[in-house]
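Asks: No sequence on hand, only this structure:
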């Protein structure tokens with residue numbers, strides 16, 4: 001037989017909702033931190049590529 005599920009009382013639902021909202025807030029903050037970290041990495045990669053291209057240009061001028 002299947003067990004009949006009961007609906008939690010209002011206080012339990014409020015507590016669950018509060019916990020879910022806090023978890024959502026923390027995940028939003030983490031996502032922003034990850035976005036900032038990715039942007040820093042991308043900026044560093046662009047800088048390295050630029051330096052590589054400038055160095056190649058300097059080497060070609062000396063040849």
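Replies: Now that the structure is in, tell me what you want to look at. Because the structure is predicted, anything quoted here is derived from the model rather than measured. Residues are numbered from 1 along each chain as shown.

Asks: Only C-alpha atoms from now on, for both contacts and neighbour counts.
Replies: OK.

Asks: pLDDT of whichever strand or helix holds residue 37, averaged?
Replies: Here residue 37 sits within helix 10-62, counting by DSSP states H and E. Across helix 10-62, the average pLDDT comes to 95.

Asks: Figure out how far that helix is from the centre of its chain.
Replies: What separates the centre of helix 10-62 from the centre of its chain is 6 Å, taken as C-alpha atoms, centre = their mean, to the nearest Å.

Asks: For it, which helices and strands make contact with it?
Replies: Where contact means 3 or more C-alpha pairs under 8 Å, 6 or more residues apart in numbering; DSSP states H and E, helix 10-62 is not packed against any helix or strand.

Asks: With residue 42 as the reference, measure out to residue 50.
Replies: Between residue 50 and residue 42 the distance is 12 Å, computed by C-alpha to C-alpha, to the nearest Å.

Asks: whoops, I mixed them up, residue 26
Replies: Residue 26 sits 24 Å away from residue 42 when distances are taken as C-alpha to C-alpha.

Asks: Likewise for residue 21?
Replies: The gap separating residue 21 from residue 42 is 31 Å, by C-alpha to C-alpha.

Asks: Same check on residue 7?
Replies: Separation of residue 7 from residue 42 (C-alpha to C-alpha) stands at 49 Å.

Asks: which of the two has more neighbours?
Replies: Regarding residue 7 and residue 42, a neighbour count based on other C-alpha atoms under 10 Å identifies residue 42 as having more, with 12 against 8.
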